[in-house]
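Colleague: Model the structure of this input:
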Amino acid sequence: MNLGMISIAIMSLMMSCQRHPDQKDDTTSLGVTDTEILIGSSCALTGHASFLGTNYIHGALSYINRVNEKGGVHGRKIRVTVYDDGYDPPRCVFNTQRLINQDKVFALFCYVGTPTSVEIIPIVEESKIPVVGLFTGANALRNPFRKYIFNIRASYYQEIAAMVKHLVEDEGSRKFAVFYQYDAYGFDGLTGAELALKKYNLEPIARASYMRGTMDVEQALEKIVASGAEVVIMIGTYDPCAKFIRLARARDFFPVFYNVSFVGGNELARKLGSDGEGVIVTQVVPSPDTRALLPRVDEYCRLLEKYYPKDQPSYVGVEGFINARVLVRGLELAGRKLDRESFISAMESMEEYCTGIGHAVTFGPKDHQGLDTVYFSQIIGGKLVLVTAWHFAH
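Modeller: This next block holds a predicted model:
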């Protein structure tokens, strides 16, 4: 050890000895300086879910960059550190520990995926660090109540219930199958489907899965085709879901294909092309095509073009953008004297915050889900569009 390192070690020891015996370690203001607020994110920037992570974080940063250009929040700029986890739970856990223990961020933000996000729950609760905005509707992040986790979007249970209601009550569908990713995400969606169908005294006539990170959908397809399902509820990512639908079409199997929002509907439509006709995707934010009607959607499109000109507007990006607006609003409400507990209290005081998308965000001391709205979109003519009239392939 050199003299410089010895001196630093001695000074650190002396400073620790000067601590009052009754003084407790205070980590609530970590990640906050006079000029910056440090925020951390782990999401899929590479791999089979990279479209989701990239569009999500770019949507969020489009707004944060604009806020920083205007001087930040109460004189502090927001600096976001983003690590790539490739939609892999162990990497997400490693990134989260690094963000908390090494980077010492103030809060976590814009995580992507159920299998990744549920793995960080114990770390979040032990560290008492706020998490704002996750691209997942998993029930485990909502029930039981999680003090440090703020979900902005509607849950998968809500998405699936809304779709099942329409298909049963309006279309007369009775025979449902579930194609799901074999992990926490898929299991959550399967449970959501079972609960939604139970309301109508129904249950899935077939359940079939594939392994996360693979394209091995053939066995699942065989089982579901053999069941004669009228509707296939799909809880997966865009590549395997696209393959499943293409193979089904090739076999003249034409049920209603319905996907939850996590699939990444814009990318699913691009990959399917003409095979996507009639495929349904529920959404938790408005379409980017509504920019002429909704001011914040228009702002998202303009800022995305400014900061990420190679990106195309997407539902995923809109959601990331709204997350950033909510994060910034929470920081504004918390005031200049910012720490984690004051931020949590500020978030819980947020009531009817106008996001500019037609629905307001409200949190409370026992309510950490800001929005409940579910939208319907459908692939028509190769594009994902907001549903105004239903179209189904035959």
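
Colleague: okay, now the closest residue to Y210 other than its chain neighbours: neighbour count?
Modeller: In space, and not counting its chain neighbours, Y210 is closest to V217: 5.0 Å by C-beta to C-beta, 6 or more residues apart in numbering. In this view, the C-beta of every residue, glycine as well, is placed from N, C-alpha and C. Residues lying near V217 (other C-beta atoms under 10 Å) number 25.

Colleague: ok, now which ones touch V217?
Modeller: 179, 210, 240, 243-244, 247 (C-beta atoms under 8 Å, 6 or more residues apart in numbering).

Colleague: quick one: which of those residues is most hemmed in?
Modeller: Ranking the contacts of V217 using other C-beta under 10 Å puts F179 first, with 31 neighbours.

Colleague: sec struct for that residue, please.
Modeller: strand (DSSP: H, G, I helix; E, B strand; the rest coil).

Colleague: ok, now which ones touch the nearest residue to F176 once chain neighbours are set aside?
Modeller: If the residues on either side of it in the chain are set aside, F176 comes closest to V231, at 4.8 Å by C-beta to C-beta, 6+ apart. Counting by C-beta under 8 Å, 6+ apart, V231 touches 167, 173, 175-177, 255-256, 258.

Colleague: E348: what's it in contact with?
Modeller: Counting by C-beta under 8 Å, 6+ apart, E348 touches 363-365, 368.

Colleague: To clarify, my last question referred to G75.
Modeller: 34-35, 336.

Colleague: Against D311, how distant is it?
Modeller: To D311, G75 is 30 Å away according to C-beta to C-beta, to the nearest Å.

Colleague: follow-up on the earlier one: buried among the contacts of V231? Make that a PyMOL selection.
Modeller: Of the contacts of V231, the buried ones can be selected in PyMOL as follows, counting by 16 or more other C-beta atoms under 10 Å:
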select buried, resi 167+173+176+177+255+256+258
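
Colleague: Now tabulate the contacts of V231 in a markdown table and tack on secondary structure, pLDDT and distance to F343.
Modeller: What follows is these, written out as a markdown table (DSSP: H, G, I helix; E, B strand; the rest coil; pLDDT from 0 to 100; distance: C-beta to C-beta, whole Å):
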| residue | secondary structure | pLDDT | distance to F343 |
| --- | --- | --- | --- |
| L167 | helix | 97 | 41 |
| S173 | coil | 97 | 45 |
| K175 | coil | 98 | 48 |
| F176 | strand | 98 | 42 |
| A177 | strand | 98 | 44 |
| P255 | coil | 98 | 46 |
| V256 | strand | 97 | 43 |
| Y258 | strand | 98 | 37 |
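
Colleague: next SSE after the lowest-mean-pLDDT helix or strand in the chain?
Modeller: When each helix and strand of the chain is scored by mean pLDDT, DSSP states H and E, helix 3-17 comes last, with a mean of 35. Per DSSP states H and E, helix 3-17 leads on to strand 36-43 as the next helix or strand towards the C-terminus.

Colleague: could you check the angle strand 36-43 makes with the following helix or strand past that next one?
Modeller: Proceeding N to C from strand 36-43, the next assigned helix or strand is helix 50-69, under DSSP H and E. Inter-element angle recorded for helix 50-69 and strand 36-43: 170 degrees (by axes from the mean of the first three to the mean of the last three C-alpha atoms, to 10 degrees).

Colleague: Surely N139 and G189 touch.
Modeller: No: here N139 lies out of contact with G189, judged by C-beta atoms under 8 Å, at a distance of 9.9 Å.

Colleague: The nearest residue to V361 once chain neighbours are set aside: neighbour count?
Modeller: Spatial nearest neighbour of V361, excluding adjacent residues (C-beta to C-beta, 6+ apart): G370 at 3.8 Å. As a burial measure, G370 scores 24 neighbours (other C-beta under 10 Å).

Colleague: Let me know the pLDDT of G370.
Modeller: Looking at G370, its pLDDT reads 98.

Colleague: Which residue lies nearest the spatial centre of this protein?
Modeller: F135 (0.4 Å; C-alpha atoms, centre = their mean).
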